[in-house]
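Visitor: Mind folding the following:
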Amino acid sequence: MGKKEEEQGAKLIRCGMGIVLGGVLALAVCFVFLLAASAAISGGLAGEELMYQLTIVGCVLGAFAGGVLAVRRCGSRALIVGLTAGAVLFLLLLTIGSLCFENVSLEAGGIGLLCGCLCGGATAGLLGSGKKKAAPRKKRRK
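Guide: Next up is the predicted model:
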């Protein structure tokens with residue numbers, strides 16, 4: 001195996017781990033936001049009719065945070081990496097939902113969660129794709 005192939009393999013593993021870690025971070029941020037939203041609903045600061053909207057907002061925020069982490073770790077193809085981190089969040093939520101409940105239906109709100117996860121990840125990818133330019137050097141006076 002050539003050195004270039006080893007570098008490509010290491011980059012692929014680093015990017016894959018970045019996507020998985022981004023998905024786990026996204027899940028954690030989503031859960032923390034949902035915990036705060038639950039406390040707000042319990043305390044009477046928000047109405048119960050906002051539960052679904054707050055869940056989608058939690059997915060967007062979580063996917064954005066996870067997408068930023070994944071994009072920073074991968075360094076290239078930011079939009080695809082961000083979308084993939086959002087998809088990982090959705091799959092984690094779907095897995096947890098199927099373990100906790102008997103049936104999981106995408107028609108009962110799952111499509112909104114999928115769109116929220118993908119939109120948050122795509123936003124992270126779009127914002128993270130801009131290459132930072134080096135600051136111009138100052139000319140020395142002689």
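
Visitor: Low-confidence stretches in the protein?
Guide: Counting by pLDDT under 70, the ranges of the chain that qualify are 1-3, 5-6, 104-106, 129-142.

Visitor: Any idea which residue is closest to the centre of it?
Guide: Geometric centre of the chain, nearest residue: residue 63, 2.4 Å, by C-alpha atoms, centre = their mean.

Visitor: show me what contacts that one?
Guide: Shown in contact with residue 63 (C-beta atoms under 8 Å, 6 or more residues apart in numbering): 26, 30, 82, 85-86, 89, 116-121, 124. In short, each C-beta sits where N, CA and C put it, glycine included.

Visitor: Strands along this structure, start to end?
Guide: Taking DSSP state E to define them, one finds no strands in the chain.

Visitor: Would you confirm that residue 56 contacts residue 110?
Guide: No. If you go by C-beta atoms under 8 Å, residue 56 and residue 110 don't touch, sitting 11.0 Å apart.

Visitor: Residue 62: what's its closest spatial neighbour, skipping adjacent residues?
Guide: In this structure, residue 62 finds its nearest non-sequential neighbour in residue 30, 3.2 Å apart by C-beta to C-beta, 6 or more residues apart in numbering.

Visitor: Wait, the one you found touches residue 61, no?
Guide: Yes. Residue 30 lies in contact with residue 61 (C-beta under 8 Å); the separation is 7.0 Å.
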